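Asks: Mind looking at a prediction? Sequence and model below.
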Amino acid sequence: MQKEQAYQLTKAIRTGNLVAADKIRDAKSALECKLIGNTVTNTPQWRDEADDVMEKILCAKIDQLKEMNDILASSRPHTIFAHSVYDLYWGTGLDSEKTAHTTPDAWPGQNKFGKLLQCLADKRRTKPRSVAMSRAVKTRQQGIDKYTC
């Protein structure tokens with residue numbers, strides 16, 4: 001199950017929209033899940049739970065993907081962003097080029113997903129044993145650097 005599908009399915013179930021939940025369960029893409037999820041009415045309870053649900057889903061995904069866990073654990077403490085032109089809550093509200101060349105306080109979006117990733121990276125980050133960075137760590141760092149500014 002994709003992250004977006006898990007998130008939207010949880011949203012639909014917790015808000016009581018079982019028709020949308022069935023459609024999300026059968027969806028073929030993350031975009032289809034998001035579009036169906038956008039038809040689900042947000043309740044105050046869901047708004048209170050949404051960030052925690054996303055964190056649990058993201059933690060599970062990171063735990064499943066050793067490479068992603070390693071990249072986050074070896075990353076430098078920078079701002080991580082989720083560029084999304086259309087999502088002002090989870091993304092920056094800008095495309096990747098504009099996001100990279102705009103200061104975070106000027107982003108129209110809240111970048112909640114990027115901040116969540118950054119928090120999880122901080123929790124997983126390894127302490128360097130020496131000042132010199134090994135070649136393997138530098139290679140992993142490059143994997144996350146393209147998403148940082």
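Replies: Right, received. Where do you want to start?
Asks: Find me the pLDDT at residue 107, would you?
Replies: pLDDT, residue 107: 93.
Asks: and the spatially closest residue to it that is not a sequence neighbour, what element?
Replies: Once flanking residues are discounted, residue 107 sits nearest to residue 92: 4.3 Å by Cβ to Cβ, 6 or more residues apart in numbering. Where C-beta positions appear, they are placed from N, C-alpha and C, glycine not excepted. For residue 92, there is no helix or strand it lies in under DSSP states H and E.
Asks: Tell me how many other residues surround residue 92.
Replies: 28 (other Cβ atoms under 10 Å).
Asks: quick one, what contacts it?
Replies: By Cβ atoms under 8 Å, 6 or more residues apart in numbering, the contact set of residue 92 is 81, 82, 83, 84, 99, 102, 104, 107, 108, 109, 111, 114.
Asks: Now do the contacts for the residue nearest the centre of the chain.
Replies: Centroid check for the chain by Cα atoms, centre = their mean gives residue 113 as the closest residue, at 3.8 Å. Taking Cβ under 8 Å, 6+ apart, we find residue 113 in contact with 54, 82, 84, 90, 91.
Asks: Which members of those residues are positioned in helices?
Replies: Within these, residues falling in helices by DSSP state H are residue 54.
Asks: related to what we said a few turns ago, got the phi and psi for the residue nearest to residue 107?
Replies: Residue 92 adopts backbone torsions of phi -90, psi -20, taken as degrees, to the nearest 10.
Asks: And it, how far from residue 100?
Replies: Residue 92 is 10 Å from residue 100, where distance means Cβ to Cβ, to the nearest Å.
Asks: re the thing from before, can you select the buried ones among the contacts of residue 92 for me in ChimeraX?
Replies: Only the buried entries of the contacts of residue 92 go into this ChimeraX selection, using 16 or more other Cβ atoms under 10 Å:
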select :81,82,83,84,99,102,107,109,111,114
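Asks: can you redo the contacts of residue 92 as a markdown table with distance to residue 125?
Replies: Converted to a markdown table, the contacts of residue 92 look like this (distance: Cβ to Cβ, whole Å):
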| residue | distance to residue 125 |
| --- | --- |
| 81 | 18 |
| 82 | 19 |
| 83 | 22 |
| 84 | 25 |
| 99 | 22 |
| 102 | 25 |
| 104 | 20 |
| 107 | 24 |
| 108 | 29 |
| 109 | 25 |
| 111 | 19 |
| 114 | 16 |
